[in-house]
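Participant: I'll drop the sequence and a predicted model, then ask my questions.
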Amino acid sequence: MEHARLNLFVGRQSPTGIKWTPCQSVEDLNASVFGSEECVFLTNRDLHTEADIMAEMLEERGHGPWEAESIRNQPEVSHLDFEATPAIIDAQAGSQLSEIWRNFPQKVAVRVTSPLWAGFVRIDPTQVSPFENERLHFREGWDPVWDWLIRQVDADVDIRFVDTIPINPRSNGLGSQHLVPWRPGSERDWLLENLLHGELIVAPESPVDEVALRAGLLQLHDFLHESHQHAQSIEGEGRHRNGDYWHAIMHRREPDYGNSKYWYRRVGHHPIFPQLAELAQSALTTLMVAADTTEWQQRLGTSSRWDAMAFVDICEECAEFTEDNPLRSIAGIIQSLEMQLLLEHTCRNALGQGTN
């Protein structure tokens, strides 16, 4: 079996700050993290390259050469602390990653997105010995650090989330979801395993909505078939029929637009519609620089009324566009907003919250 080549950087404390070294294999990652007793940070951000880019921007804007040189010489995020607890360190306070960890239970939040896309993971190897338990090894896969974190959270290891502000925050979040996605390849089998198994919520108030929540997580990561199975198993159930809503999204992305409209009719009015309408209209207004969205604004309804059927039609039209078409990208952004709102609502319902 061919092993995946990683694009990771391991940070260790040094007299001048944090020293970052590249790591290109899981074997190296295990040896690097667990081969010493000191705390480490992991990220897939090439901080030296980012520092060079920022230094060039400073020079172009007329800043003194000493300022640019200072950035180049100290690309490390010096404020990160080495407190002895495995933790996810967010790259920007108030970011979407921060919101995810604030709005969801840990076992759900850790499955929504990889923390390395927006921040750092801190590990104290003195607290975990990979030789005592196979669970503590990093495993082969597309994102071994994310896989490792999911398994630690599932085993109730003390994982903390900390907001930080680095010298050069980059944009992060779920971005635009593919309207008609490809089936994830075998390199994501580890993710499918973690999405299908493991307790999401301890003693859920609504077991039906916990199933819908799993359907949503599977849908978020493009496992349409498995999402469909979970949504179909709770057909017509739940106060807000969240499973049927995920069912409708699945068929829209399949794509089977007529079937999607059938399930949207089964859902009827959903509590996220007003907020989705407001966010979609705001996004369309903002994104008019990339394309004329006036027609879409009219078709999708007012800022308080969401027309789900019209959005199905829009997605069908966009499927004919090329991937780089701005309107197709905008539809993907709106779909991402819809899925994020529905995931939060489904989770609240599973916890017995937001039942009105």
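Facilitator: Looks like it arrived, so ask away.
Participant: residues of the helix of greatest length in the chain that come out buried?
Facilitator: For the chain, the helix that runs over the most residues, judged by DSSP state H, is helix 326-350. Neighbour counts over helix 326-350 (16 or more other C-beta atoms under 10 Å) mark 327-350 as buried. Every residue, glycine included, has its C-beta placed from N, CA and C.
Participant: Look up how far Pro115 lies from Pro15.
Facilitator: Note on Pro15: its distance to Pro115, by C-beta to C-beta, to the nearest Å, is 28 Å.
Participant: Run through the neighbouring helices and strands of the longest helix of the chain.
Facilitator: Applying 3 or more C-beta pairs under 8 Å, 6 or more residues apart in numbering; DSSP states H and E, we find helix 326-350 packed against helix 207-220, helix 242-253, helix 273-286, helix 308-318.
Participant: would you put the C-alpha positions of the third one in CSV?
Facilitator: Okay, so that is helix 273-286. What follows is helix 273-286, C-alpha atoms only, in CSV (Å, rounded to 0.1, in the frame of the first residue of the first chain):
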residue,chain,number,x,y,z
PHE,A,273,-35.6,29.2,6.5
PRO,A,274,-35.9,32.8,7.7
GLN,A,275,-32.2,32.9,8.8
LEU,A,276,-31.1,31.1,5.6
ALA,A,277,-33.1,33.7,3.5
GLU,A,278,-31.4,36.6,5.3
LEU,A,279,-27.9,35.1,5.0
ALA,A,280,-28.4,34.1,1.3
GLN,A,281,-29.6,37.6,0.4
SER,A,282,-26.7,39.2,2.2
ALA,A,283,-24.3,36.8,0.4
LEU,A,284,-25.8,37.6,-2.9
THR,A,285,-25.6,41.3,-2.3
THR,A,286,-21.9,41.0,-1.3
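Participant: what angle sits between it and helix 326-350?
Facilitator: Angle, helix 273-286 to helix 326-350, by axes from the mean of the first three to the mean of the last three C-alpha atoms, to 10 degrees: 150 degrees.
Participant: Can you point out the buried residues in the following helix or strand past helix 273-286?
Facilitator: Downstream of helix 273-286, the next assigned helix or strand under DSSP states H and E is helix 294-299. For helix 294-299, burial by neighbour count (16+ other C-beta under 10 Å) applies to Trp296, Gln297.
Participant: low-scoring stretches of this protein, by residue?
Facilitator: Scanning the chain with the threshold set as pLDDT under 70 gives 1-4, 16, 46-85, 90-94, 127-135, 164-176, 355-356.
Participant: Please parse it into its domains.
Facilitator: 8-162, 186-350 (automatic domain parsing).
Participant: which residues of the stretch 101-250 of the chain fall in helices?
Facilitator: With helices called from DSSP state H, counting those that start in this stretch, the stretch 101-250 of the chain shows them at 106-112, 144-154, 189-196, 207-220, 224-232, 242-253.
Participant: Export those as a markdown table, with columns for mean neighbour count.
Facilitator: Formatted as a markdown table, the helices of the stretch 101-250 of the chain follow (neighbours: other C-beta atoms under 10 Å):
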| stretch | mean neighbour count |
| --- | --- |
| helix 106-112 | 22 |
| helix 144-154 | 22 |
| helix 189-196 | 18 |
| helix 207-220 | 25 |
| helix 224-232 | 19 |
| helix 242-253 | 27 |
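Participant: can you list those in CSV and add distance to Arg265?
Facilitator: Below are those laid out as CSV (distance: least, C-beta to C-beta, whole Å):
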stretch, distance to Arg265
helix 106-112, 29
helix 144-154, 36
helix 189-196, 28
helix 207-220, 18
helix 224-232, 15
helix 242-253, 9
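Participant: mind checking which of the ones you listed is nearest Glu38?
Facilitator: Nearest to Glu38, of all these, is helix 144-154, at 17.6 Å by C-beta to C-beta.
Participant: Please state the offset of stretch 341-356 from the chain centre?
Facilitator: Chain-centre distance of stretch 341-356: 18 Å, with C-alpha atoms, centre = their mean, to the nearest Å.
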